[in-house]
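Visitor: This is a predicted model, with the sequence first.
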Amino acid sequence: MKKLLSLSLAAVLAVSATACGNSGSNNADAGDSDASAAGTEAGTEAESTESTGTESEGTESASADGGAFKIGAIGPMTGAASAYGTAVMNAAQIAVDEINAAGGVNGYQIEFNPQDDEHDQEKSVNAYNTLKDWGMQLLLGTVTSAPCIAVEAEASADNMFLLTPSGSAVDCISGENAFRVCFADPDQGTASAQYIGENGLAEKVAVIYDSSDVYSSGIYETFVTEAANQPFEIVASEAFTADSKTDFSVQLQKAKDSGADLVFLPFYYNEAALVFTQAAGMNFAPKWFGVDGMDGILSGVEGFDASLAEGVMLLTPFSADAEDELTKNFVAKYGELHNGEIPNQFAADAYDGIYIIKAALEQAGCTPDMSASDICDALKTAMTEITVDGLTGSGMTWSADGEPSKSPKAVVIEGGVYVGM
Amino acid sequence: MRKMKNMNKTTKENLITYGMVIVAYLMVEILLKAGMISSLLQGLLVPLCVYVVLAVSLNLVVGISGELSLGHAGFMCVGAFAGAFFSNCVKDLITVGSVRILLALLVGAVAAAVFGLLIGIPVLRLRGDYLAIVTLAFGEIIKNVMNVFFIGIDGSGIHISMKDKMSLGMAADGKVIINGPQGITGTPKDSSFTIGVLLILVTLFIVLNLIHSRDGRAIRAIRDNRIAAESVGINITKYKLMAFSVSASLAGAAGVLYSHNLASLQASKFGFNTSILVLVFVVLGGIGNIRGSIIAAVVLTLLPELLRALNDYRMLIYAIVLIAMMLFTSSPAGKAFRERFSLKRLLGRTKEGKEEQ
Amino acid sequence: MSFLSYLINGISLGSVYAIIALGYTMVYGIAKMLNFAHGDVIMVGGYAALTMMLNLNMNPFVAILVAIVVCTVLGICIETIAYRPLLGAASPLAVLITAIGVSYFLQNVVLLIFGSNPKSFQSAVTFGDLQLAGGGLVISDEAIVTIVSCVVIMVGLTLFISKTKAGQAMQAVSEDKGAARLMGINVNGTIALTFAIGSGLAAVAGILLLSSYPSLTPYTGSMPGIKAFVAAVFGGIGSIPGAFIGGILLGVIEILGRAYISSQLADAIVFAVLIIVLLVKPTGLLGKAVQEKV
């Protein structure tokens, strides 16, 4: 009985393995022969550029004249971190559709293929390999730090261009092929400590951080290191973990008992919403100071009483209610396509990411018939030459080590909107 | 116990299991040489080996020893960190990848076996669901403690802290190897499919020999009737502990293989969900059925990747397939259905299919 | 002073665990299965109540009733489709795996419908916090409601099981399915009723969880679910007062551990205490002393 079953399963497996191998090789062939075959392929399909529709996956759209750039993206679209990955994919799709509608990059269209990694290193590498089979030439991703480190090692070995919108850990861009849109963790920690110190915001500071998270603990470390040089004292540093991030009463009580007049919160808005609610419940009202993950607190949590976030200070590169044309246009479009949701900093980074790739491709004069490795080599130089005005900063430039030059902007929430400080 | 009646049949069964692994290996190697395997599948080869070893080793506890363990990922975690720590320390001393990973596998397996023994002694006094929950608890403790471990090396030796990186008090030339929640990064990528398959074969050799040895019969006797086994003088603690720690050490070895395949290693990976995932392989493959575990591990690891074309519906379909497979393989109705329809014919076909390969 | 306030916080957190654990332990006691999807039914209950209140502007109490109905129906569906066919399976583990499958299924269905952004809502409980010692100690109104509901449900369930006919049928099924069937008890119906009640309780738990910790995502249920499972085992799985005590103790230990030992290792401490308790008392605090048949 068991034997029967195992044999039949073995057969299924064998079939699936070969099928997988075949389909994979087809894909790989398609990728390799892009140079010659892409033209005819595109010619036969001859799709018009109506890809601005809501549900367009971008994958089917082929350009009218000779191939398209294949941009892959990796991020969590299911699992506990899916809010961040989904925001990135939605925004990147908007940017791709805009570019395609406006005539593409160097006259070529962009094909965009988002893949899910469930915020897991192993799945992320699987997603990367899937994209390679698809013929990816440039990678936007990954969204979260820990998987990004694993994927970056693979991409570095393949010489594949990688631009992470929001992977902020130092190791995310250790290779020459990797660049990022957001700030690095150490920059945020240091900048926050300096800002608090230089502006004399507090004398006693408490820190609450997620000790199971790469992003949060990374910022915490540099914040504490820099705090030693600043005129304030850290009176409490309390951790929470991914398994117990609903109840913050102890951390808040300790911060309250330590007499802190400012609490530094280097983590995401999901948890911050709970922190503010619980602090209000225990009559604890210090100054709050957050980092870029805090962006989204006003609109990311549906039903959250935004008045609780009144007076929160944060360092953020993006503000959804900025008055410039670019932001207004982006926020309107995002809301239109996604049930009136207001985009957060992840979305803004991703939107910028696509335009940064566009600028670099144009600077280097790349064409879709180049191999991924050639494009990567060309972009390594091009990235250091371009200057991009985006949602998350104007006049952004990059150094060869992949870090963007933009300075965090401090804002305070007043009357439910960000106000520059 | 069908298998025990006829030694020849047992040997044959075992040979089929080994043969299946070797044939699969050769097939993949040939396809690799011919360039017929997609990058996705190439990338999946090592994880497949990891999960196969995990499933087989868990089956030793769940199927053969009859104890439900929900903390298997904890042992994998110990092995992964021990092995990766070792490799990072000797990265400059030993430059041959295959030697380094063999040593790392040993280190990881020994470390996990020690944990298996330490945890097994108290845990195995419990029964049933209480044992399950205690193994779950130990798994979570290992994950949580690993998450706050900071270990660095500098000129003056090894520094260990359980608070944060700053309290290590490292000299300027020091290197932090285990960095708390950020884990270990930069482990050399020493894992390969060949090493993975070798590990599977070693695992099968250990597990199958254990099952069919005198010790294995004692272990199964305890599973089937504890009181009867005790009354014929079988030392229950000893045999249970043997199965538990062998299983733990093999899971540790799988962890080493895992940690040498990815550039970043974090403790958060080794939680309850990973333990459950491996348990799913074991139950779906048939409890106590080693070959079934191998096949279920391969099929269920490939499934979500092959479903990528479904985009947003991927994990939903995965869940439905999981429930359907379980109903089909385990429910009395499913069994009746399979017996009624074309099983004989299906058997005939698969056998031919096997021979053709 | 701060100790008292930690204690109060611990009891508030524990009461949420307790109310989830009640549903867990009830299903286990009767059907002898670990329903790992219980946490996700809680999450569905939360979404149901939220949709009624935010999108249909329903009165909170009507919304809660609707959520209970939704979860009860869901519980019966899950039991019929995914669990009942496995009642006669060779291994009790088979149903554990389908429970996990159901858990993934519910998470992903909700993800597709409601998206991944967290949702929050203004607590339905609005009679104000209880202030003691001149505002130094605050007991939130949500905590009071949760504890009171917990006690009411516990007493109600105990009475239901010991006094009513259906409840006695449940006891009979839990003792011996075969014998119960011979006595003319509808075994499948009884198990379905157990699931229906357990899932209805899950809806209440979901709403209370959300009132105390207002952040709802498709994955909200899984971690409290596991903790509640631990609480149920802690108290002696299958025992209804045990689930209550286990839940409260778990919450208190977690909070005190975080406050006085290490905030990074709070979970490890909870699990360590659990292990020690089980080693001393292998069937939990109030578990039956009779030998479990494994």
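Guide: Perfect, I can see it now. Remember, predicted model here, so these are calculated numbers, not experimental data.

Visitor: Now do the same for residue B:253: its pLDDT.
Guide: pLDDT for residue B:253: 97.

Visitor: Just give me the neighbour total for it.
Guide: Residues near residue B:253, counting by other Cβ atoms under 10 Å in any protein chain shown, number 31. All C-beta spots, glycine's among them, are computed from the backbone N, C-alpha and C.

Visitor: got the contact list for residue A:131?
Guide: When the contact criterion is Cβ atoms under 8 Å, 6 or more residues apart in numbering or on different chains, the partners of residue A:131 are A:72, A:74, A:113, A:115, A:139.

Visitor: In the stretch 201-350 of chain A, mark out all the helices, start to finish.
Guide: In the stretch 201-350 of chain A, the helices defined using DSSP state H, counting those that start in this stretch lie at A:214-227, A:249-257, A:269-281, A:325-337, A:345-364.

Visitor: Go through these and pick out the most buried.
Guide: Stretch with highest mean neighbour count among those: helix A:345-364 (a mean of 27; mean count of other Cβ atoms under 10 Å in any protein chain shown).

Visitor: Beyond that one, next helix or strand please.
Guide: helix A:372-385 (DSSP states H and E).

Visitor: What pairs with the helix or strand just after that next one, parallel or antiparallel?
Guide: The helix or strand immediately downstream of helix A:372-385 is strand A:388-390, counting by DSSP H and E. Counting by DSSP bridges, the strands paired with strand A:388-390 are strand A:393-398 (antiparallel).

Visitor: chain center to the strand it pairs with: distance?
Guide: 17 Å (Cα atoms, centre = their mean, to the nearest Å).

Visitor: quick one: average confidence on that strand?
Guide: Here strand A:393-398 scores 88 as its mean pLDDT.

Visitor: Show me which positions of that strand end up buried.
Guide: Buried residues in strand A:393-398, counted by 16 or more other Cβ atoms under 10 Å in any protein chain shown: A:393, A:396, A:398.

Visitor: Skipping adjacent residues, who's closest to the closest residue to chain B within the stretch 251-400 of chain A in space?
Guide: Chain B sits closest to residue A:372 of the stretch 251-400 of chain A, with a gap of 11.7 Å, by Cβ to the nearest Cβ. Leaving aside its sequence neighbours, residue A:372 sits nearest to residue A:137 (Cβ to Cβ, 6 or more residues apart in numbering or on different chains; 4.6 Å).

Visitor: ditto for residue C:180
Guide: Closest residue in space to residue C:180, ignoring its immediate chain neighbours: residue C:172 at 4.2 Å, by Cβ to Cβ, 6+ apart.

Visitor: do residue C:102 as well
Guide: Excluding its sequence neighbours, the residue lying closest to residue C:102 (Cβ to Cβ, 6+ apart) is residue C:37, at 4.1 Å.

Visitor: got it, and residue A:358?
Guide: Residue A:358 sits nearest to residue A:105 (Cβ to Cβ, 6+ apart), 4.9 Å away.

Visitor: Give me every residue in the stretch 201-350 of chain A lying close to chain C.
Guide: Contact residues (Cβ under 8 Å from any Cβ of the partner chain) of the stretch 201-350 of chain A with chain C: A:211, A:238-241, A:243-244, A:246-247, A:249-251, A:253-254, A:257, A:270-271, A:273-274, A:277, A:281-283, A:300-305, A:339, A:341.

Visitor: returning to what we had before: I'd like to know how many residues surround the residue nearest to residue C:102.
Guide: Using other Cβ under 10 Å, residue C:37 has 30 neighbouring residues.

Visitor: The one 5 residues further on too?
Guide: As a burial measure, the neighbour count of residue C:42 was computed by other Cβ under 10 Å and equals 31.

Visitor: Could you check the pLDDT of it?
Guide: pLDDT, residue C:42: 93.

Visitor: Please compute how far the helix or strand it falls within lies from its chain's middle.
Guide: Using DSSP H and E, residue C:42 sits within helix C:38-50. Relative to its parent chain, helix C:38-50 has a centroid offset of 11 Å by Cα atoms, centre = their mean.

Visitor: How about stretch A:362-378?
Guide: Worked out by Cα atoms, centre = their mean, stretch A:362-378 lies 23 Å from the chain centre.

Visitor: Kindly report the same for stretch B:262-278.
Guide: The mean C-alpha position of stretch B:262-278 is separated from the chain mean by 12 Å, Cα atoms, centre = their mean.

Visitor: returning to that earlier point: give the contact list for the residue of the stretch 251-400 of chain A closest to chain B.
Guide: Residues in contact with residue A:372 (Cβ under 8 Å, 6+ apart) are A:136-138, A:158-161.

Visitor: Format the helices of the stretch 201-350 of chain A as JSON lines; extra columns: distance to residue B:331 and mean pLDDT.
Guide: Shown next, in JSON lines, are the helices of the stretch 201-350 of chain A (distance: least, Cβ to Cβ, whole Å; pLDDT from 0 to 100):
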{"stretch": "helix A:214-227", "distance to residue B:331": "43", "mean pLDDT": "89"}
{"stretch": "helix A:249-257", "distance to residue B:331": "46", "mean pLDDT": "90"}
{"stretch": "helix A:269-281", "distance to residue B:331": "39", "mean pLDDT": "89"}
{"stretch": "helix A:325-337", "distance to residue B:331": "44", "mean pLDDT": "91"}
{"stretch": "helix A:345-364", "distance to residue B:331": "44", "mean pLDDT": "93"}
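
Visitor: Of all those helices, which one is nearest residue B:319?
Guide: helix A:269-281 (23.9 Å; Cβ to Cβ).

Visitor: how many degrees apart are the closest one and helix A:214-227 in direction?
Guide: Between helix A:269-281 and helix A:214-227, the angle comes out at 60 degrees (axes from the mean of the first three to the mean of the last three Cα atoms, to 10 degrees).

Visitor: which helices and strands sit right next to helix A:269-281?
Guide: On a contact count with 3 or more Cβ pairs under 8 Å, 6 or more residues apart in numbering or on different chains; DSSP states H and E, helix A:269-281 meets helix A:249-257.

Visitor: what does the helix it packs on contact?
Guide: A:206, A:208, A:236, A:238-240, A:263, A:275, A:278-279, A:282, A:284, A:286, C:2, C:5-6, C:9, C:12-13, C:255, C:258-259, C:263.

Visitor: List only buried entries from the residues you listed.
Guide: Among the contacts of helix A:249-257, those classed as buried by neighbour count (16+ other Cβ under 10 Å) are A:206, A:208, A:236, A:238-240, A:263, A:275, A:278-279, A:282, A:284, A:286, C:5-6, C:9, C:12-13, C:255, C:258-259, C:263.
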